[in-house]
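Asker: dropping the sequence and predicted coords here.
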Amino acid sequence: MENTLNQEIIEHLMHPKNYGPLENPTGVGVGHSEESGEFVIFYLSCEAETLNGVGYATNGCHDTVVLGSMFTEMIKGETLSYAAAAAEKLREKVAQGPAKQQACAQMVLTAFEAAQINQRHRHEGSDEELHAIEIDMKCEVEG
Amino acid sequence: MRDAELFRHKHQFWLRLAYLSFSADEPCVKNRLYEFSQIEFRHLKWLCETLYADGIPYDYHRDGAFGVEFHTFGDALRAAVDELGSLHERYDDSVLCERMRTDERFILSFLKECQGTTAQPLRTFDRSRRWPDASLNNEQTDALTLFLFEESYKEYELILIYLYRLARATTAAQSSSFTDLIEESHFHLRSFSEMMAKMGILALPRELHPRTYEITDMEKFLRNGIVEEENAKEECRRLSSVITDPKLSSFFEFINFQESYHIEIMKKLLEEREWKN
């Protein structure tokens, strides 16, 4: 994500893509900070390794919203291995940016990872409703 | 029938009227619509209390297709008129529903009066990001844009969280504090949304996930809330120093001082011991 706002970012802010829960998800994961109460919840609907549906929600800042919107657009309709590579690319890209953006990206990507873990647990027969992972970074800009 | 579906439609209709007001150009229409949106919010509050008292679950989910962005003000008015029609089919014969029905008959006549003179495209969604009252450079415009998106969501979130807590208040002190906080957030949401409309970036705040308002540890919520208010104060101070326009700068200073009093109200709430979920 760039620091200067462009029309694409404005569009993600006005109308975040893939925002909200999915019906009958195959995996649900949460990345959260116990200290600040911020979270991202990520929903997957996966069939034969393909992500037919993805969704997310957050109480975090605008960077988290935009990153979640962009990331879900990148991986929707793609395979899980493509999504893993996209997650790594996003992590590398934000690593060069401000610490705040890194924290927001970590929250989104951790929630995605947690959703995949939940999906694996469900395949193994677990009745785990969602999988949660706490992160140790927090976004410092809040309302 | 008073149930979660009715609650969802009432929640959306409050937003419909509030965002119609933010989109309107004509001051008299704008103000009248905002007053009506506040009546709708009171309906929502009464409905919340009734549902909670009757043990009927409700949430803050909105229909996927619900939006506030329209090409013309007339299109937005038509959406409101249509929604009122389907809303009335959901009312039962209780005193509360009768009150809502009679209020909305009057609102409907006003909406119909406004139709017909509103064919020009709305500028509130044109994404121009120009502040009409002063010259702002790119850095100032970006800072103002991000602040408005951040804070308009936060104010909407706070209104709904405090509304949820108000229905569950166990003491007069809790009721009074949550009522004050809701009123303060309404003022902020209106102010920020009007500014977004002027800049062509008016947008509906995103939907709240139940994790946001189903709070099990109120003390922790309040402590985090105080930190958030302090951060909001810092954001106002930062913005007021970045934006050199005296009018905007003094507005953010004014908001900054209001946040200070919110902290005091939340500190008072920290003394409360009994919370219901």
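Answerer: Perfect, I can see it now.

Asker: is the closest residue to chain A within chain B within a helix or a strand, and which one?
Answerer: Going by CB to the nearest CB, chain A is nearest to B:K154 of chain B, at 2.8 Å. In short, each C-beta sits where N, CA and C put it, glycine included. Counting by DSSP states H and E, the element that carries B:K154 is helix B:138-167.

Asker: report the central residue of chain B.
Answerer: A centroid search over chain B (CA atoms, centre = their mean) returns B:Y156, at 4.6 Å, as the residue closest to the centre.

Asker: three-state assignment of the residue nearest to that residue when sequence neighbours are not counted?
Answerer: Counting by CB to CB, 6 or more residues apart in numbering or on different chains, B:Y156 lies nearest to B:P205, which is 3.8 Å off, once chain neighbours are set aside. Secondary structure, DSSP: H, G, I helix; E, B strand; the rest coil: B:P205 is coil.

Asker: tally of neighbours for B:P205?
Answerer: 19 (other CB atoms under 10 Å in any protein chain shown).

Asker: quick one: average confidence on the helix ranked longest in chain A?
Answerer: Across chain A, the helix with the greatest residue count (assigned by DSSP state H) is helix A:99-123. Helix A:99-123 carries an average pLDDT of 94.

Asker: where does pLDDT dip in the stretch 101-250 of chain B?
Answerer: Applying pLDDT under 70 to the stretch 101-250 of chain B flags residues B:116-117.

Asker: if I pick the residue lying closest to B:D25 once chain neighbours are set aside, what's in contact with it?
Answerer: Leaving aside its chain neighbours, B:D25 sits nearest to B:F73 (7.5 Å; criterion: CB to CB, 6+ apart). Listed by CB atoms under 8 Å, 6 or more residues apart in numbering or on different chains, the contact set of B:F73 reads B:L20, B:S23, B:A24, B:D25, B:C114, B:T118, B:Q120, B:L122.

Asker: in chain A, what residue spans correspond to strands?
Answerer: Applying DSSP state E to chain A gives strands spanning A:27-32, A:39-47, A:50-58, A:131-134.

Asker: nearest to chain B, of these?
Answerer: Judged by CB to the nearest CB, the one of the strands of chain A that comes nearest to chain B is strand A:50-58, at 4.1 Å.

Asker: quick one: distance of the closest one to the chain centre.
Answerer: Chain-centre distance of strand A:50-58: 8 Å, with CA atoms, centre = their mean, to the nearest Å.

Asker: what is the orientation angle of it with helix A:99-123?
Answerer: Angle, strand A:50-58 to helix A:99-123, by axes from the mean of the first three to the mean of the last three CA atoms, to 10 degrees: 130 degrees.

Asker: using PDB, list the CA coordinates for strand A:50-58.
Answerer: Extracted in PDB, the C-alpha atoms of strand A:50-58 (Å, rounded to 0.1, in the frame of the first residue of the first chain):
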ATOM      1  CA  THR A  50      -9.500 -23.400  -4.500                       C
ATOM      2  CA  LEU A  51     -10.700 -20.300  -2.600                       C
ATOM      3  CA  ASN A  52     -14.200 -19.800  -4.000                       C
ATOM      4  CA  GLY A  53     -15.000 -17.300  -1.400                       C
ATOM      5  CA  VAL A  54     -13.100 -15.100   1.100                       C
ATOM      6  CA  GLY A  55     -14.400 -12.500   3.600                       C
ATOM      7  CA  TYR A  56     -13.000 -10.500   6.400                       C
ATOM      8  CA  ALA A  57     -14.100  -8.000   9.100                       C
ATOM      9  CA  THR A  58     -12.100  -5.800  11.500                       C
END
